[in-house]
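*Asks:* how would this look folded up:
(one chain, ligands or ions: 2)
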Amino acid sequence: MEYIVTSKEMRECDMTAIKDCGIPAMVLMERAALSVFSEIEAFLSETIRIAIFAGCGNNGGDGLALARLLAEKGIHADIFLIGNTEKLSMECGSQLSILKQLGITVNSKSAKAEYDMVVDCLFGTGLTREITGIYEEAVRAINCYGEKGSRVIAVDIPSGVCADSGKILGCAVKAELTVALQYGKAGHYLYPGKMLCGHTVVHNIGIPESFKSGKEPSFFSYREEDIHGILPERAAFGNKGTFGRILLVAGSRDMAGAALLCGKTILRSGAGMLKIITAAENRDLILRELPEAMIYTYEGKPEEEKVRQSIAWADVIVAGCGISTDENAELLMEMILEQGEKRAVIDADGLNLIAREGSLQEKLLKYQKGRVILTPHPGEFIRLAGISMNTYKENPAFYLKKLAKEYGCVIAGKDAVTLVASPDERMVYLNRTGNDGMATAGSGDVLAGVIGALSASLEYFQAACCGVFLHGLAGDMAAEKQGKRGMLASDISAELKELLKEETAEREKRI
Ligand SMILES: NC(=O)C1=CN([C@@H]2O[C@H](COP(=O)(O)OP(=O)(O)OC[C@H]3O[C@@H](n4cnc5c(N)ncnc54)[C@H](O)[C@@H]3O)[C@@H](O)[C@H]2O)[C@@H](O)CC1
Ligand SMILES: [K+]
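*Replies:* Ligands and ions are numbered 1, 2, ... in the order given. Below is the predicted model of the structure:
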């Protein structure tokens, strides 16, 4: 697991290191400069032409320290210190006076020379407003060099990218490589910031883990190696009941595919037994394509007793994929939410029905806390939350947390970067796997399926986060094989199987 912080949290960590632990700020800055140096070292030679654009805060201080490290190796860099040098931060001022002592020239304006590498140290996490004036000119100059082929390296975060939201404040540097200091910031991974960072590497600069004292940062993320520790062991003595009985309520007359994709994924993700409740028209297809599933089909109104029995049988209910919003679907959702305690994953039309029907909202409010996982895309989310798209996009994490708390549900807010919020104010999970090829029909049905299967053996929030992570990773594998344009949701489902196969093999090797 990796922490992802906001600028405020990063400042608090810096302060803890400096004030409570007594690590001098200049030591942290030296570590920052050394980190950048180690990342660019491979490209350095005596003939390389480097420009460093530094601001007046500590991000600029990192740049000045880097210039000194380069000079030590006999490499000259043109340094452009932009802004009012009367107002330098303390550490930036100290770095400047060291350079002066060493006879290293610092310029106040950028020259029209050519550079192989441009290092952006104008602003880091201290950016608080839109970039204008001389700073805007500097950002544009850096981007101009980038367009002409210079390697652009951003220190901590590209100047102009808001570290908390990934939004561009006025204008922003487009980097090839971003050396993030100590922690990734939300702005590195949220769009559009993510596109401007290029490749992001995080370097430890020696700040002690101050989150352990009970105060957690806003976000966390999984890395591939974390998954081995999270996925449940499969009990060698287990039977099909052990691995979860999943009830899938999906697929109206013209939406058999949703039930099929989701159902297949549920079984491919390790669930023991699957029962599908679907419209009668889907019966033949599902029996043919997924003979492993039990099935109850309804023609006209579903038989309440049959539905009730199926709900009672299940460990987990996955509901909503392609069920439509007609009265049959509404009745099914009423029955699912009424019992109020079974673990449930609700997707697509299930969410649209909740957004439409006050009686379903009431039932969801009464449901046992933390037992339901909602998986809305932005359109479904804003209908559920009753807010506009612009409002939601302003701060998705905030609104996801708010609704998760209100309904007592886990909410996986699907988007280019999916966020998962829990009802109990835990850190928000920020997903870093996946690609735009996954914006394809049926991809959501696959996600609901994998989360449903994992819910049988993992705690709800973990099941949702892990499901989102694996779904993205499988999407990346599918994109590699099929290409982002041509990949299908069923390719993601197939890769999930491969992924889980590899995971099991890895685990067995380690035993
Ligand atoms: N002790 C620390 O705090 C450390 C900080 N480090 C570096 O310092 C950075 C944070 O330093 P700072 O907090 O000094 O912030 P920055 O260096 O990011 O910039 C802050 C300065 O820019 C001004 N500013 C903000 N937005 C502006 C705008 N749009 N136009 C003009 N001026 C603007 C602020 O008023 C402030 O004077 C990190 O990103 C990292 O690179 C590292 O050296 C490690 C240690
Ligand atoms: K920067």
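*Asks:* pull stretch 441-448 out as CSV, backbone CA atoms only.
*Replies:* The C-alpha trace of stretch 441-448 is given here as CSV (Å, rounded to 0.1, in the frame of the first residue of the first chain):
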residue,chain,number,x,y,z
ALA,A,441,-19.5,-1.5,-23.2
GLY,A,442,-19.7,-4.1,-20.5
SER,A,443,-16.6,-3.0,-18.6
GLY,A,444,-18.8,-2.0,-15.7
ASP,A,445,-20.5,-5.4,-15.6
VAL,A,446,-17.1,-7.1,-15.4
LEU,A,447,-16.2,-4.8,-12.5
ALA,A,448,-19.4,-5.5,-10.6
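*Asks:* got the contact list for it?
*Replies:* With contact meaning C-beta atoms under 8 Å, 6 or more residues apart in numbering, stretch 441-448 is reached by 250, 257-258, 261-262, 265, 318, 320-322, 345, 347-348, 375, 377, 412, 414, 467-468, 471, 475, 488-490, 492-493, 496. Quick note: C-beta positions are derived from backbone N, CA and C, even for glycine.
*Asks:* ok, and the closest non-adjacent residue to residue 176?
*Replies:* residue 198 (4.3 Å; C-beta to C-beta, 6 or more residues apart in numbering).
*Asks:* pretty sure that neighbour sits against residue 179.
*Replies:* No - if you go by C-beta atoms under 8 Å, residue 198 and residue 179 don't touch, sitting 10.6 Å apart.
*Asks:* please enumerate the shared neighbours of the two.
*Replies:* residue 154.
*Asks:* which of the two has more neighbours?
*Replies:* Neighbour comparison, residue 198 and residue 179: the larger count goes to residue 179, with 25 against 17 (by other C-beta atoms under 10 Å).
*Asks:* isn't the more buried one right up against residue 157?
*Replies:* No - applying C-beta under 8 Å, one finds residue 179 not in contact with residue 157, separated by 9.5 Å.
*Asks:* return the subset of the contacts of stretch 441-448 lying in strands.
*Replies:* 318, 345, 412 (DSSP state E).
*Asks:* looking at those, spot the one nearest ligand 2.
*Replies:* Nearest to ligand 2 out of the ones in strands among the contacts of stretch 441-448 is residue 412 (C-beta to the ion; 31.9 Å).
*Asks:* picking that back up, just the ones in strands among the contacts of stretch 441-448 now: which is nearest ligand 1?
*Replies:* Using C-beta to the nearest ligand atom, residue 412 comes nearest to ligand 1 of those, at 30.6 Å.
*Asks:* if we can go back for a sec, the residue nearest to residue 176: what's it in contact with?
*Replies:* Contact partners of residue 198, counting by C-beta under 8 Å, 6+ apart, are 152, 154, 174, 175, 176, 177, 178.
*Asks:* what does residue 143 give?
*Replies:* Going by C-beta under 8 Å, 6+ apart, residue 143 touches 152, 173, 174.
*Asks:* can you tell me the SS state at the closest residue in space to the first one that isn't next to it in sequence?
*Replies:* It refers to residue 152. Nearest residue to residue 152 in three dimensions, chain neighbours excluded: residue 146, at 4.3 Å (C-beta to C-beta, 6+ apart). With DSSP: H, G, I helix; E, B strand; the rest coil as the basis, residue 146 sits in helix.
*Asks:* quick check, pLDDT for residue 146.
*Replies:* The per-residue pLDDT reported for residue 146 equals 97.
*Asks:* now it: how far from residue 127?
*Replies:* Using C-beta to C-beta, to the nearest Å, residue 146 is found at 19 Å from residue 127.
*Asks:* neighbour count: these two, which is higher?
*Replies:* Remark: of residue 146 and residue 127, residue 127 carries more neighbours, 25 against 18, as counted by other C-beta under 10 Å.
*Asks:* circling back: out of the contacts of stretch 441-448, list just those in helices.
*Replies:* Among the contacts of stretch 441-448, the ones falling in helices (DSSP state H) are 257-258, 261-262, 265, 348, 467-468, 471, 475, 489-490, 492-493, 496.
*Asks:* which one of these has the most neighbours?
*Replies:* Most surrounded of the ones in helices among the contacts of stretch 441-448: other C-beta under 10 Å gives residue 262, at 35 neighbours.
*Asks:* hmm, it is touching residue 246, no?
*Replies:* No - checked against C-beta under 8 Å, the pair residue 262 and residue 246 is beyond contact range at 9.8 Å.
*Asks:* which non-adjacent residue is nearest the residue positioned nearest the centre of the chain?
*Replies:* By C-alpha atoms, centre = their mean, the chain has its centre lying nearest to residue 431, at 2.3 Å. Counting by C-beta to C-beta, 6+ apart, residue 418 is the residue found nearest to residue 431 once chain neighbours are left out, at 4.4 Å.
*Asks:* the closest residue to residue 145 other than its chain neighbours: what secondary structure?
*Replies:* Closest residue to residue 145 apart from its sequence neighbours, by C-beta to C-beta, 6+ apart: residue 118 at 4.7 Å. Under the three-state scheme (three-state DSSP), residue 118 adopts strand.
*Asks:* got the contact list for residue 118?
*Replies:* Residue 118 makes contact with 50, 51, 52, 53, 142, 145, 146, 150, 151, 152, 153 under the criterion C-beta under 8 Å, 6+ apart.
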